[in-house]
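> any chance you can model this:
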Amino acid sequence: MSKANLFYAQSGGVTAVINASACGVIETARRHNDQIGTVYAGLNGIIGALREELIDTGKESAATIAALRHTPSGAFGSCRYKLKSLEDNRAEYQRLMDVFRAHNIRYFLYNGGGDSQDTANKVSMLSLKEGFPITCIGIPKTVDNDLPVTDNCPGFGSVAKYVAVSIREAGLDVASMCESSTKVFVMEVMGRHAGWIAGAAGLAAEQEGDAPHIILFPEIAFDKPAFLRRVRDCVNRYGFCAIVVSEGAHYANGQFLADAGGKDAFGHTQLGGVAPFLANMIKQELGYKYHWAVADYLQRAARHIASATDVEQAYAVGKAAVEFALAGKNAVMPTIVRKPGDRYEWEIGEVALADVANVEKPMPREFITEDGFNITEQARQYFTPLIAGEDYPPYKNGLPQYARLKGELADKKLPAWDQS
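The predicted structure follows:
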């Protein structure tokens, strides 16, 4: 009987280190080639499985796979595609089962956030009913750091490092020009319902007057009068005011400051533009000259300044996912467990997919100062080790060098996917 094959897919917004998890998966699977046959990767995530577009990673050299560890974004292509419920559209799940059967795929490793863990959990349950058991392991990934149970999520440490560095450098710029020019700088960062990224930017402030002076979190309802008073006070005291705002900042009634009026593929409100919104508010109400920036994709693709801790953890959860599968574990996700003590140490744990699927973890209130505009010492102790260390990619001619895959697809064995 032929060896069982493995299917790996990347899902949702990518990160600076998701490919390090892919590297951990593929290198570990290759070390267990007595138990695992071909490692396939979905071209553009789960869509690749539905379309039977399976990248044969066995065609890639060991050097190329190793280079994934220092390559940002989704090397195999990711997607924002949420499978419907089994009740609403069983056909999608049936198609997955058909593809997995056709290619003797018995291991399914899904690298993503809460929605992805939900998908992996459902595939696991359906496969048992179908009589073709598939071992499903989730691999945590999200820059938002909002998956429950795990201490932190791979992808977060690097984006946290990027935004802290960026607001520190931008703060120095504004400070040098504020006497005769710009007095307010607003930087918008990701974070729909959880302010972890915005909070991490607070690490940049080490002493009185350092940027950022104000942080706006989704966990704290926006209070316009209090916000404007704080801006005015900062300009009066320091000559300028540097602000970090999460894209999910909202009013007390739940309305986002930057509601773009649309929905994404997962049904989430499309956000964007909270930085210029706040900058214009400050101009109209206080008259200060301003600049604003939206970190957007730059924050999650910045592999050149990735956290060494984040890279190591991303690789470790990919490696652990394969080891879990071979150990007979199913419908679980490896987690990062912070060990107690003053020195930062961590280990791999596990959680059932059912306990993390579609669950968001906000920042604890005790991580946010009483006035709602900054982070506490407790938050600093949590964030600091996650951005520690540098893990630079190799450079050539002044630019980082990243993996380039052949991306050869396996031969199709089934009719084309009918999406109707």
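> may I have stretch 326-336 exported as CSV, CA atoms only?
Extracted as CSV, the C-alpha positions of stretch 326-336 are listed here (Å, rounded to 0.1, in the frame of the first residue of the first chain):
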residue,chain,number,x,y,z
LEU,A,326,2.3,11.2,13.0
ALA,A,327,1.6,10.7,16.7
GLY,A,328,-2.1,10.0,15.9
LYS,A,329,-3.4,13.3,17.2
ASN,A,330,-6.4,14.8,15.3
ALA,A,331,-8.4,18.0,15.3
VAL,A,332,-5.8,19.8,17.4
MET,A,333,-3.6,22.9,17.0
PRO,A,334,-0.1,23.3,18.4
THR,A,335,0.1,26.3,20.8
ILE,A,336,2.9,28.4,22.3
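> buried ones in that stretch?
326, 329-336 (16 or more other CB atoms under 10 Å). For glycine as for every other residue, the C-beta is placed from the backbone atoms N, C-alpha and C.
> assign residue 291 to helix, strand or coil.
Here residue 291 is recorded as strand under DSSP: H, G, I helix; E, B strand; the rest coil.
> surely it touches residue 181?
No: contact criterion CB atoms under 8 Å: residue 291 and residue 181 do not qualify, at 9.2 Å.
> so residue 43 is in contact with residue 52, correct?
No: using CB under 8 Å, residue 43 makes no contact with residue 52, being 9.6 Å away.
> comparing those two, which residue is more hemmed in?
Using other CB atoms under 10 Å as the criterion, residue 43 and residue 52 rank with residue 52 on top: 22 against 19.
> am I right that the more buried one sits in a strand?
No: secondary structure of residue 52 (three-state DSSP): coil, not part of a strand.
> please report phi then psi for it.
phi 60, psi 40 (degrees, to the nearest 10).
> show me the contacts for it.
Taking CB atoms under 8 Å, 6 or more residues apart in numbering, we find residue 52 in contact with 99, 102, 412-414, 417.
> want to throw those into TSV with distance to residue 237 and pLDDT?
Shown next, in TSV, are those (distance: CB to CB, whole Å; pLDDT from 0 to 100):
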residue	distance to residue 237	pLDDT
99	62	97
102	67	97
412	66	97
413	69	96
414	67	96
417	61	90
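> separate out the buried members of these.
99, 417.
> of all the contacts of residue 52, which comes closest to residue 315?
residue 99 (27.7 Å; CB to CB).
> could you look up the SS state of the closest one?
Residue 99 is classified as helix under three-state DSSP.
> and residue 79, how many neighbours does it have?
20.
> isn't it up against residue 50?
No: assessed by CB under 8 Å, residue 79 is found out of contact with residue 50, at 9.9 Å.
> quick check: residue 172 vs residue 165, distance?
The gap separating residue 172 from residue 165 is 11 Å, by CB to CB, to the nearest Å.
> kindly report the same for residue 240.
For residue 240 relative to residue 165 (CB to CB), the value is 18 Å.
> per-domain residue ranges of this protein.
Domains of the chain are assigned by automatic domain parsing as 4-144+305-359+391-400, 156-302+368-387.
> dump the ones you listed into TSV; add distance to residue 406 as well.
Below are these laid out as TSV (distance: least, CB to CB, whole Å):
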stretch	distance to residue 406
domain 4-144+305-359+391-400	5
domain 156-302+368-387	22
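> which other helices and strands contact the host helix or strand of residue 284?
Per DSSP states H and E, residue 284 falls inside helix 274-286. Here helix 274-286 touches strand 184-189, helix 224-238, strand 241-246, strand 290-294, going by 3 or more CB pairs under 8 Å, 6 or more residues apart in numbering; DSSP states H and E.
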